[in-house]
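> just a sequence and a predicted model for now, questions to come.
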Amino acid sequence: MSISLSPIGKPDIQGRPEIEALVNRFYTKVRQDALLGPVFDDVAKVDWEEHLPRLYAFWESVVFGTGGFRGNPMAVHFKLAQETQMNWQRFQRWLALFLETVDELYEGERADHIKRAADQMAHVIYARINKVPDPRIDPGSLSPEERSAYAQYRASQGE
């Protein structure tokens, strides 16, 4: 297998081994983080031995369209939001740690893709579980057609 290197010498994400390395390093940071660690270990009481392979499969599916992920992350986060505050500060911290970890390990098209996907996911899950508009969308800057489509979307979500 050839490794795709970026101009500064970091490899891009090539497959499952890189996904596993990323997920392992990232969740080590999460568990040590004062803001996020208690949510995962004390509130959600994550069984890491069972959960990590699901996370590998999830991110492999995101990056490569494979991985066999089965699950409903939205439902899990809705349940968790009933047990603890799921504010934007926590989502920002999760995202910052994720992006930092990707940047430490990888560079390239797939690395950029996984970072965009994580950013999108953080915003969408936060907005949905807190029943607020996606903080990236400023309805005032949308065209009339986009504003109409956005209003229809929000109405379909019961907002």
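Nice, I can see it.
> what sits against the most centrally placed residue in the chain?
In the chain, the centroid-proximal residue (Cα atoms, centre = their mean) is residue 118; its distance is 3.4 Å. Contacts for residue 118 (Cβ atoms under 8 Å, 6 or more residues apart in numbering) come out as 95, 98, 99, 102. Just so you know, the C-beta spots here come from the backbone N, C-alpha and C atoms, and that holds for glycine as well.
> let's see that with 7 Å instead.
95, 98, 99 (Cβ atoms under 7 Å, 6 or more residues apart in numbering).
> neighbour-wise, give me the winner out of these.
The most neighbours of any of the contacts of residue 118, using other Cβ atoms under 10 Å, belong to residue 98, which has 23 neighbours.
> helix, strand or coil for it?
helix (DSSP: H, G, I helix; E, B strand; the rest coil).
> any figure for the gap between the residue of the chain positioned farthest from its centre and residue 133?
The centre of the chain is farthest from one residue, residue 144, which by Cα atoms, centre = their mean lies 30.5 Å away. To residue 133, residue 144 is 18 Å away according to Cβ to Cβ, to the nearest Å.
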